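S.K.: the sequence and its predicted three-dimensional model are supplied below.
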Amino acid sequence: MKVVVDLTRCQGYAQCAFAAPDVFTIRGDEALLYDSDPDERQRERVERAAAACPVQAIVLDRQDGRRRAPPTPP
């Protein structure tokens, strides 16, 4: 699984860091650090983190070729 965060959309709510603390870390007031290629054991937590992101800034490329991307604005 590959993880990409659109940092122009990210608002620093830190929901991802709560859902998957081994993958996402908030430093200071707004700096988001993340593992772009987390271990497969983190899959469920990363998917939960992506779903919890209020601004849908997290995109997942799964090994099965499917992609979970944020919805496009209307």
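M.R.: Thanks, I have it.

S.K.: buried sites along the top helix by length along the chain?
M.R.: Ranked by residue count under DSSP state H, the longest helix found in the chain is helix 43-52. The neighbour-count check on helix 43-52 (16 or more other C-beta atoms under 10 Å) flags 45, 46, 47, 49, 50, 52 as buried. Glycine gets a C-beta too; all of them are placed from N, C-alpha and C.

S.K.: which secondary structure elements does it contact?
M.R.: Judged by 3 or more C-beta pairs under 8 Å, 6 or more residues apart in numbering; DSSP states H and E, helix 43-52 is in contact with helix 15-19, strand 58-61.

S.K.: leaving out the residues flanking it, which one is nearest to residue 27?
M.R.: Take residue 27 and drop its neighbours on the chain: the residue closest to it by C-beta to C-beta, 6 or more residues apart in numbering is residue 33, 6.0 Å away.

S.K.: so what's the residue count around the nearest residue to residue 24 once chain neighbours are set aside?
M.R.: Excluding its sequence neighbours, the residue lying closest to residue 24 (C-beta to C-beta, 6+ apart) is residue 16, at 4.1 Å. Residue 16 has 27 neighbours, counted by other C-beta atoms under 10 Å.

S.K.: surely residue 16 and residue 50 touch.
M.R.: Yes - at 7.4 Å, residue 16 and residue 50 qualify as touching, with contact defined as C-beta atoms under 8 Å.

S.K.: so residue 25 versus residue 5, what's the distance?
M.R.: To residue 5, residue 25 is 12 Å away according to C-beta to C-beta, to the nearest Å.

S.K.: now do the shared contacts for the two.
M.R.: Both residue 25 and residue 5 are in contact with 32, 34, where contact means C-beta atoms under 8 Å, 6 or more residues apart in numbering.
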